[in-house]
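# Please find the sequence and the predicted model below.
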Amino acid sequence: MENVVIIGSGCAGWTAAIYTARANLQPLVVTGTQPGGLLTTTTVVENFPGFSKGVDAGALMMAMQEQAERFGARVRYMSVVEQVDFSRRPLALVVDGREVLAKSVIIATGAAHRRLGVPGEGELEGRGVTYCATCDGALPVFRAQPLVVVGGGDSACEEANYLTRFGSIVYLIHRRDRLRAARVLAERTLANPKIQPVWDTVVERVTGGAGERVAGVALRQVKTGARSTLACAGVFVAIGQVPNTRLFKGAVDMDGAGFIVPVKGARTNVAGVFVAGDCADAVYRQAITAAGAGCMAGIEAERWLAG
Ligand code: NAP
(Lines give C-alpha, C1' and ligand atoms only; values in the text may rest on other atoms or scores of the structure.)
Protein backbone atom coordinates (compact mmCIF):
# COMPACT_ATOMS: atom_id res chain seq x y z
CA MET A 1 0.00 0.00 0.00
CA GLU A 2 1.24 3.47 -0.91
CA ASN A 3 1.47 6.27 1.64
CA VAL A 4 0.79 8.89 -0.99
CA VAL A 5 0.16 8.74 -4.72
CA ILE A 6 0.78 11.98 -6.58
CA ILE A 7 -1.12 12.21 -9.86
CA GLY A 8 0.67 14.58 -12.24
CA SER A 9 4.22 15.75 -12.83
CA GLY A 10 4.08 19.49 -13.33
CA CYS A 11 5.35 22.09 -10.87
CA ALA A 12 2.64 21.14 -8.35
CA GLY A 13 3.24 17.39 -8.58
CA TRP A 14 7.03 17.54 -8.30
CA THR A 15 6.92 20.01 -5.43
CA ALA A 16 4.45 17.80 -3.56
CA ALA A 17 6.83 14.91 -4.29
CA ILE A 18 9.83 16.80 -2.89
CA TYR A 19 7.98 17.60 0.34
CA THR A 20 6.46 14.15 0.88
CA ALA A 21 9.74 12.44 -0.05
CA ARG A 22 11.63 14.56 2.46
CA ALA A 23 9.02 13.50 5.02
CA ASN A 24 10.17 9.93 4.27
CA LEU A 25 6.82 8.92 2.78
CA GLN A 26 8.34 7.53 -0.45
CA PRO A 27 5.62 9.03 -2.65
CA LEU A 28 4.65 7.39 -5.91
CA VAL A 29 4.42 9.91 -8.76
CA VAL A 30 2.27 8.92 -11.73
CA THR A 31 3.53 11.30 -14.40
CA GLY A 32 0.78 11.05 -17.03
CA THR A 33 1.55 11.24 -20.72
CA GLN A 34 3.04 14.73 -20.57
CA PRO A 35 5.83 14.48 -17.99
CA GLY A 36 6.68 17.93 -16.73
CA GLY A 37 3.19 19.20 -17.46
CA LEU A 38 2.02 22.11 -19.53
CA LEU A 39 5.05 24.26 -18.71
CA THR A 40 7.21 22.03 -20.92
CA THR A 41 5.28 23.36 -23.92
CA THR A 42 6.79 26.83 -23.39
CA THR A 43 10.39 27.89 -23.96
CA VAL A 44 11.96 30.07 -21.36
CA VAL A 45 10.30 30.71 -18.01
CA GLU A 46 11.13 34.29 -17.11
CA ASN A 47 9.16 34.68 -13.93
CA PHE A 48 10.22 31.77 -11.72
CA PRO A 49 12.04 33.40 -8.78
CA GLY A 50 15.73 32.69 -8.55
CA PHE A 51 16.47 32.65 -12.28
CA SER A 52 17.38 36.20 -13.16
CA LYS A 53 18.11 35.32 -16.80
CA GLY A 54 15.14 32.96 -17.16
CA VAL A 55 15.28 29.17 -17.17
CA ASP A 56 14.50 26.55 -19.80
CA ALA A 57 11.11 25.04 -18.90
CA GLY A 58 12.18 21.44 -19.60
CA ALA A 59 15.36 21.86 -17.59
CA LEU A 60 13.40 23.30 -14.66
CA MET A 61 11.06 20.33 -14.61
CA MET A 62 13.92 17.84 -14.89
CA ALA A 63 15.63 19.52 -11.95
CA MET A 64 12.45 19.24 -9.87
CA GLN A 65 12.13 15.55 -10.72
CA GLU A 66 15.78 14.89 -9.81
CA GLN A 67 15.30 16.70 -6.53
CA ALA A 68 12.22 14.61 -5.69
CA GLU A 69 13.95 11.36 -6.66
CA ARG A 70 17.02 12.24 -4.60
CA PHE A 71 14.80 12.19 -1.50
CA GLY A 72 13.14 8.90 -2.40
CA ALA A 73 10.19 9.70 -4.67
CA ARG A 74 9.35 6.82 -7.01
CA VAL A 75 8.23 7.63 -10.52
CA ARG A 76 5.87 5.77 -12.84
CA TYR A 77 6.99 7.47 -16.05
CA MET A 78 4.34 8.00 -18.78
CA SER A 79 1.86 6.10 -16.61
CA VAL A 80 -1.78 7.09 -16.46
CA VAL A 81 -4.38 6.87 -13.70
CA GLU A 82 -7.46 5.48 -15.41
CA GLN A 83 -9.92 5.29 -12.51
CA VAL A 84 -10.24 6.39 -8.92
CA ASP A 85 -12.49 5.24 -6.11
CA PHE A 86 -12.27 7.63 -3.20
CA SER A 87 -15.32 6.14 -1.46
CA ARG A 88 -13.17 3.20 -0.32
CA ARG A 89 -10.50 2.98 2.40
CA PRO A 90 -7.73 2.66 1.46
CA LEU A 91 -8.25 4.88 -1.55
CA ALA A 92 -8.20 2.91 -4.78
CA LEU A 93 -6.75 3.86 -8.16
CA VAL A 94 -6.31 2.00 -11.42
CA VAL A 95 -2.89 2.80 -12.90
CA ASP A 96 -2.14 1.37 -16.35
CA GLY A 97 -4.78 -1.31 -15.79
CA ARG A 98 -3.60 -2.34 -12.31
CA GLU A 99 -5.10 -1.47 -8.95
CA VAL A 100 -3.01 0.65 -6.61
CA LEU A 101 -4.14 1.25 -3.02
CA ALA A 102 -3.14 4.41 -1.19
CA LYS A 103 -3.58 6.02 2.19
CA SER A 104 -3.60 9.46 0.58
CA VAL A 105 -3.68 11.00 -2.89
CA ILE A 106 -2.51 14.36 -4.20
CA ILE A 107 -4.25 15.44 -7.41
CA ALA A 108 -1.94 17.62 -9.50
CA THR A 109 -3.20 16.89 -13.00
CA GLY A 110 -2.90 20.45 -14.29
CA ALA A 111 -4.70 21.79 -17.30
CA ALA A 112 -4.80 21.33 -21.07
CA HIS A 113 -4.91 23.77 -23.96
CA ARG A 114 -8.35 25.18 -24.70
CA ARG A 115 -9.56 24.57 -28.23
CA LEU A 116 -11.30 27.03 -30.53
CA GLY A 117 -14.03 24.56 -31.40
CA VAL A 118 -14.38 25.76 -35.01
CA PRO A 119 -14.66 23.68 -38.18
CA GLY A 120 -11.30 22.59 -39.54
CA GLU A 121 -9.47 22.86 -36.21
CA GLY A 122 -9.69 19.17 -35.30
CA GLU A 123 -9.33 17.92 -38.86
CA LEU A 124 -6.14 19.92 -39.44
CA GLU A 125 -4.56 19.42 -36.01
CA GLY A 126 -0.99 18.30 -36.58
CA ARG A 127 -1.23 19.50 -40.17
CA GLY A 128 -0.80 23.17 -39.47
CA VAL A 129 -3.06 23.59 -36.43
CA THR A 130 -1.03 23.40 -33.24
CA TYR A 131 -1.19 24.43 -29.58
CA CYS A 132 2.53 24.75 -29.01
CA ALA A 133 4.82 27.08 -30.91
CA THR A 134 7.82 25.82 -28.99
CA CYS A 135 7.12 22.26 -30.08
CA ASP A 136 6.23 22.93 -33.70
CA GLY A 137 7.29 26.46 -34.69
CA ALA A 138 10.65 25.43 -36.11
CA LEU A 139 9.16 22.86 -38.49
CA PRO A 140 10.19 23.48 -42.12
CA VAL A 141 6.55 23.90 -43.23
CA PHE A 142 6.26 27.08 -41.19
CA ARG A 143 9.53 28.68 -42.34
CA ALA A 144 9.17 31.97 -44.22
CA GLN A 145 5.38 31.52 -44.28
CA PRO A 146 2.60 33.71 -42.89
CA LEU A 147 1.47 32.34 -39.52
CA VAL A 148 -1.54 32.99 -37.29
CA VAL A 149 -1.63 33.07 -33.50
CA VAL A 150 -5.04 33.20 -31.82
CA GLY A 151 -5.41 34.76 -28.36
CA GLY A 152 -4.52 37.87 -26.44
CA GLY A 153 -2.92 36.59 -23.24
CA ASP A 154 0.67 35.95 -22.18
CA SER A 155 0.76 32.66 -24.05
CA ALA A 156 -0.41 34.16 -27.33
CA CYS A 157 2.13 36.99 -27.06
CA GLU A 158 4.97 34.62 -26.22
CA GLU A 159 4.03 32.34 -29.08
CA ALA A 160 3.77 35.24 -31.52
CA ASN A 161 7.17 36.62 -30.53
CA TYR A 162 8.76 33.19 -30.75
CA LEU A 163 7.24 32.51 -34.16
CA THR A 164 8.73 35.67 -35.67
CA ARG A 165 11.98 33.68 -35.81
CA PHE A 166 10.45 31.42 -38.41
CA GLY A 167 7.43 32.97 -40.13
CA SER A 168 7.44 35.74 -42.75
CA ILE A 169 4.76 37.55 -40.72
CA VAL A 170 2.75 36.61 -37.63
CA TYR A 171 -0.89 37.69 -37.41
CA LEU A 172 -2.09 37.92 -33.82
CA ILE A 173 -5.85 37.46 -33.92
CA HIS A 174 -7.63 38.63 -30.80
CA ARG A 175 -11.35 38.85 -30.09
CA ARG A 176 -11.00 42.21 -28.32
CA ASP A 177 -9.05 45.41 -28.98
CA ARG A 178 -6.71 45.09 -25.99
CA LEU A 179 -4.26 42.41 -25.01
CA ARG A 180 -4.74 40.61 -21.72
CA ALA A 181 -1.01 39.86 -21.51
CA ALA A 182 1.26 41.46 -18.89
CA ARG A 183 2.15 44.98 -19.91
CA VAL A 184 5.83 44.44 -20.61
CA LEU A 185 5.06 41.46 -22.83
CA ALA A 186 2.16 43.21 -24.57
CA GLU A 187 4.35 46.22 -25.36
CA ARG A 188 7.15 44.02 -26.67
CA THR A 189 4.66 42.16 -28.84
CA LEU A 190 3.08 45.25 -30.36
CA ALA A 191 6.51 46.76 -31.00
CA ASN A 192 7.65 43.72 -32.97
CA PRO A 193 7.56 44.70 -36.66
CA LYS A 194 6.89 41.09 -37.71
CA ILE A 195 3.72 40.85 -35.59
CA GLN A 196 0.51 42.28 -37.01
CA PRO A 197 -2.40 42.40 -34.57
CA VAL A 198 -5.89 41.75 -35.94
CA TRP A 199 -8.24 43.25 -33.36
CA ASP A 200 -11.86 42.45 -32.55
CA THR A 201 -11.73 39.38 -34.71
CA VAL A 202 -12.54 35.70 -34.28
CA VAL A 203 -11.59 32.66 -36.32
CA GLU A 204 -14.70 31.03 -37.74
CA ARG A 205 -13.02 28.21 -39.65
CA VAL A 206 -9.60 26.83 -40.42
CA THR A 207 -9.35 26.00 -44.09
CA GLY A 208 -7.27 23.31 -45.73
CA GLY A 209 -5.62 23.30 -49.09
CA ALA A 210 -3.55 21.05 -51.27
CA GLY A 211 -1.89 18.26 -49.32
CA GLU A 212 -4.59 18.58 -46.65
CA ARG A 213 -2.60 21.13 -44.72
CA VAL A 214 -3.73 24.48 -43.32
CA ALA A 215 -4.12 27.04 -46.08
CA GLY A 216 -5.79 29.85 -44.17
CA VAL A 217 -8.44 31.03 -41.74
CA ALA A 218 -11.90 32.48 -42.21
CA LEU A 219 -12.39 35.49 -39.93
CA ARG A 220 -15.23 37.61 -38.61
CA GLN A 221 -14.82 41.13 -37.29
CA VAL A 222 -17.03 41.05 -34.19
CA LYS A 223 -17.95 44.76 -34.21
CA THR A 224 -18.85 45.12 -37.90
CA GLY A 225 -19.69 41.50 -38.69
CA ALA A 226 -17.43 41.74 -41.76
CA ARG A 227 -16.04 38.45 -42.95
CA SER A 228 -12.61 37.94 -44.52
CA THR A 229 -9.99 35.29 -45.12
CA LEU A 230 -6.30 35.21 -44.39
CA ALA A 231 -3.81 32.85 -46.02
CA CYS A 232 -1.42 31.16 -43.61
CA ALA A 233 0.57 27.96 -43.22
CA GLY A 234 0.04 27.55 -39.49
CA VAL A 235 -2.58 28.33 -36.85
CA PHE A 236 -1.17 28.46 -33.33
CA VAL A 237 -4.03 28.43 -30.83
CA ALA A 238 -3.16 30.06 -27.48
CA ILE A 239 -6.48 30.83 -25.79
CA GLY A 240 -5.93 29.44 -22.32
CA GLN A 241 -6.46 26.16 -20.57
CA VAL A 242 -9.11 23.77 -19.25
CA PRO A 243 -8.47 21.69 -16.11
CA ASN A 244 -7.61 17.98 -16.48
CA THR A 245 -10.16 16.77 -13.99
CA ARG A 246 -12.63 14.59 -15.87
CA LEU A 247 -11.28 11.52 -14.07
CA PHE A 248 -12.39 12.96 -10.73
CA LYS A 249 -15.94 13.93 -11.67
CA GLY A 250 -18.22 12.76 -8.88
CA ALA A 251 -15.21 11.78 -6.74
CA VAL A 252 -14.31 15.26 -5.41
CA ASP A 253 -16.10 18.61 -5.45
CA MET A 254 -15.57 20.80 -8.52
CA ASP A 255 -16.92 24.08 -9.83
CA GLY A 256 -18.94 24.43 -13.02
CA ALA A 257 -15.79 24.81 -15.15
CA GLY A 258 -14.29 21.60 -13.76
CA PHE A 259 -11.75 23.15 -11.39
CA ILE A 260 -11.43 21.16 -8.16
CA VAL A 261 -12.58 23.22 -5.19
CA PRO A 262 -10.46 22.80 -2.07
CA VAL A 263 -12.40 23.02 1.19
CA LYS A 264 -9.40 24.36 3.12
CA GLY A 265 -5.82 24.93 1.95
CA ALA A 266 -5.02 21.93 -0.24
CA ARG A 267 -7.72 19.66 1.21
CA THR A 268 -10.59 18.48 -0.95
CA ASN A 269 -13.96 17.45 0.45
CA VAL A 270 -12.65 13.86 0.67
CA ALA A 271 -10.43 13.09 3.68
CA GLY A 272 -6.95 12.08 2.55
CA VAL A 273 -7.35 13.54 -0.94
CA PHE A 274 -5.48 16.78 -1.62
CA VAL A 275 -5.20 19.01 -4.65
CA ALA A 276 -2.58 21.39 -6.03
CA GLY A 277 -1.87 23.45 -9.10
CA ASP A 278 -3.73 24.42 -12.24
CA CYS A 279 -6.45 21.77 -11.86
CA ALA A 280 -7.69 23.81 -8.88
CA ASP A 281 -6.63 27.29 -9.99
CA ALA A 282 -8.55 29.30 -12.56
CA VAL A 283 -6.96 32.57 -11.49
CA TYR A 284 -3.18 32.57 -11.08
CA ARG A 285 -2.03 29.54 -13.13
CA GLN A 286 1.65 30.24 -12.64
CA ALA A 287 4.55 27.84 -12.25
CA ILE A 288 5.39 29.43 -8.92
CA THR A 289 1.82 29.28 -7.55
CA ALA A 290 1.53 25.64 -8.66
CA ALA A 291 4.81 24.88 -6.89
CA GLY A 292 3.55 26.67 -3.76
CA ALA A 293 0.29 24.73 -3.87
CA GLY A 294 2.25 21.49 -4.28
CA CYS A 295 4.19 22.36 -1.15
CA MET A 296 0.93 22.96 0.73
CA ALA A 297 -0.54 19.66 -0.47
CA GLY A 298 2.63 17.80 0.52
CA ILE A 299 2.62 19.26 4.01
CA GLU A 300 -1.13 18.64 4.43
CA ALA A 301 -0.77 15.02 3.30
CA GLU A 302 2.12 14.47 5.71
CA ARG A 303 0.13 15.91 8.65
CA TRP A 304 -2.98 13.97 7.71
CA LEU A 305 -1.03 10.70 7.57
CA ALA A 306 0.64 11.48 10.90
CA GLY A 307 -2.75 12.18 12.47
P1 NAP B 1 -5.33 33.53 -20.62
O2 NAP B 1 -4.58 34.53 -19.80
O3 NAP B 1 -6.57 32.93 -20.07
O4 NAP B 1 -5.67 34.23 -22.00
C5 NAP B 1 -6.45 33.58 -22.95
C6 NAP B 1 -6.65 34.53 -24.13
O7 NAP B 1 -7.39 33.83 -25.14
C8 NAP B 1 -7.43 35.77 -23.75
O9 NAP B 1 -6.91 36.86 -24.44
C10 NAP B 1 -8.85 35.43 -24.21
O11 NAP B 1 -9.55 36.56 -24.64
C12 NAP B 1 -8.60 34.53 -25.38
N13 NAP B 1 -9.65 33.54 -25.55
C14 NAP B 1 -10.16 32.68 -24.63
N15 NAP B 1 -11.09 31.87 -25.18
C16 NAP B 1 -11.18 32.23 -26.47
C17 NAP B 1 -11.95 31.77 -27.56
N18 NAP B 1 -12.82 30.76 -27.44
N19 NAP B 1 -11.77 32.37 -28.77
C20 NAP B 1 -10.90 33.38 -28.92
N21 NAP B 1 -10.13 33.87 -27.93
C22 NAP B 1 -10.26 33.29 -26.72
O23 NAP B 1 -4.41 32.27 -21.04
P24 NAP B 1 -2.82 32.19 -21.29
O25 NAP B 1 -2.34 33.30 -22.13
O26 NAP B 1 -2.60 30.81 -21.74
O27 NAP B 1 -2.21 32.37 -19.84
C28 NAP B 1 -2.62 31.50 -18.80
C29 NAP B 1 -1.90 31.87 -17.51
O30 NAP B 1 -0.52 31.56 -17.64
C31 NAP B 1 -1.98 33.36 -17.23
O32 NAP B 1 -2.10 33.53 -15.85
C33 NAP B 1 -0.66 33.89 -17.70
O34 NAP B 1 -0.25 35.04 -17.00
C35 NAP B 1 0.27 32.71 -17.46
N36 NAP B 1 1.39 32.71 -18.41
C37 NAP B 1 2.52 33.37 -18.06
C38 NAP B 1 3.60 33.41 -18.93
C39 NAP B 1 4.84 34.17 -18.53
O40 NAP B 1 4.85 34.75 -17.47
N41 NAP B 1 5.89 34.18 -19.29
C42 NAP B 1 3.53 32.78 -20.17
C43 NAP B 1 2.35 32.12 -20.52
C44 NAP B 1 1.28 32.11 -19.62
P45 NAP B 1 -10.03 37.71 -23.61
O46 NAP B 1 -8.80 38.51 -23.33
O47 NAP B 1 -11.05 38.44 -24.36
O48 NAP B 1 -10.56 36.98 -22.41
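That came through, no problem.
# Give the burial count for the residue in the stretch 101-250 of the chain that the ligand sits nearest to, as a bare number.
Nearest to the ligand in the stretch 101-250 of the chain, going by CB to the nearest ligand atom, is G153, at a distance of 2.4 Å. C-beta: built from backbone N, CA, C; applies to glycine. Neighbours of G153 under the rule other CB atoms under 10 Å: 19.
# list the buried ones in the top helix by length along the chain?
In the chain, taking DSSP state H as the definition, the longest helix is helix 287-306. Within helix 287-306, the residues scored as buried using 16 or more other CB atoms under 10 Å are 287, 289-302, 304.
# now swap in stretch 246-254 and tell me
Across stretch 246-254, burial judged by 16+ other CB under 10 Å covers F248, A251, V252, M254.
# Reformat these as TSV; add distance to the ligand, pLDDT and secondary structure.
Formatted as TSV, the buried residues of stretch 246-254 follow (distance: CB to the nearest ligand atom, whole Å; pLDDT from 0 to 100; DSSP: H, G, I helix; E, B strand; the rest coil):
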residue	distance to the ligand	pLDDT	secondary structure
F248	22	98	helix
A251	26	98	coil
V252	23	98	strand
M254	19	97	strand
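# Residues touching the lengthiest strand in the chain, excluding its own?
Longest strand in the chain by number of residues (criterion: DSSP state E): strand 98-107. If you take CB atoms under 8 Å, 6 or more residues apart in numbering as the criterion, strand 98-107 is touched by 1-8, 13, 16, 20, 27-28, 84, 86, 90-94, 245, 248, 252, 260, 266, 268, 272-276, 279-280, 294, 297-298, 301, 304-305.
# Let me see the contact set for the closest residue to V141 other than its chain neighbours.
In space, and not counting its chain neighbours, V141 is closest to A233: 6.0 Å by CB to CB, 6 or more residues apart in numbering. With contact set as CB under 8 Å, 6+ apart, A233 has these partners: G128, V141, F142, Q145, P146, L147, G167, R213, V214, A215.
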